[in-house]
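need a 3D model of the following:
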Amino acid sequence: MANNPTQSGFIVKHRDDVQPVACPCGSSTRIITSQDTPTAGFHITHIQNSKKHFHKKTTEIYYILEGSGILEIGAETINLKPGTTILIHPNTPHRGCGDFKTIVVPIPAFDPEDEFQVDESD
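Numbering: from 1, shown residues only. The predicted structure follows:
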């Protein structure tokens, strides 16, 4: 179902055609990636007590689909329920606690080299 966006001007993919990958957050089904376009990504991520991290270049938008938990963002704690939407700016440490599924839209598209773990031993 995938197509070449340089020829068609759009991208079509289906979640069932993408294998989830392990990530510091849990597992992520990365449907639209930097291999498709550098502009933005589209992931469905199952977060289960993720590791605190940040991105130097990437803004992320989270839209909570199901489940519940909290999102620690900097010094703030946000209670999550389906329908909650959060925009996280670059250089902002964050992590999800609980068990929830979220759409993640990274802008620009996710780059694994732009994910930095926060040392929480201090």
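
buried ones in stretch 84-100?
For stretch 84-100, the neighbour count (16 or more other Cβ atoms under 10 Å) marks 84, 88, 93, 94, 95, 96, 100 as buried. Just so you know, the C-beta spots here come from the backbone N, C-alpha and C atoms, and that holds for glycine as well.

actually, stretch 109-122.
109, 110, 111, 115.

show me the buried residues of stretch 84-100 that map onto strands.
Of the buried residues of stretch 84-100, the ones assigned to strands by DSSP state E are 88, 94, 95, 96, 100.

quick one, strands of the chain?
Counting by DSSP E, the strands of the chain are 21-23, 26-32, 42-48, 53-54, 59-73, 76-80, 85-88, 94-107, 116-117.

can you name the residues that contact the residue nearest the centre of the chain?
Most central in the chain under Cα atoms, centre = their mean is residue 104, positioned 3.5 Å from the mean C-alpha point. Applying Cβ atoms under 8 Å, 6 or more residues apart in numbering to residue 104 gives the contacts 28, 41, 42, 43, 44, 45, 60, 61, 62.

roughly how far apart are the nearest residue to the first one once chain neighbours are set aside and residue 9?
So that's residue 28. Spatially, and ignoring its direct neighbours in sequence, residue 28 is nearest to residue 45 (4.3 Å; Cβ to Cβ, 6 or more residues apart in numbering). Distance, residue 45 to residue 9, by Cβ to Cβ, to the nearest Å: 27 Å.

pick out whichever of those two has more residues nearby.
Remark: of residue 45 and residue 9, residue 45 carries more neighbours, 23 against 8, as counted by other Cβ atoms under 10 Å.

from residue 18, how far out is that one?
12 Å.

alright, calling it a day.
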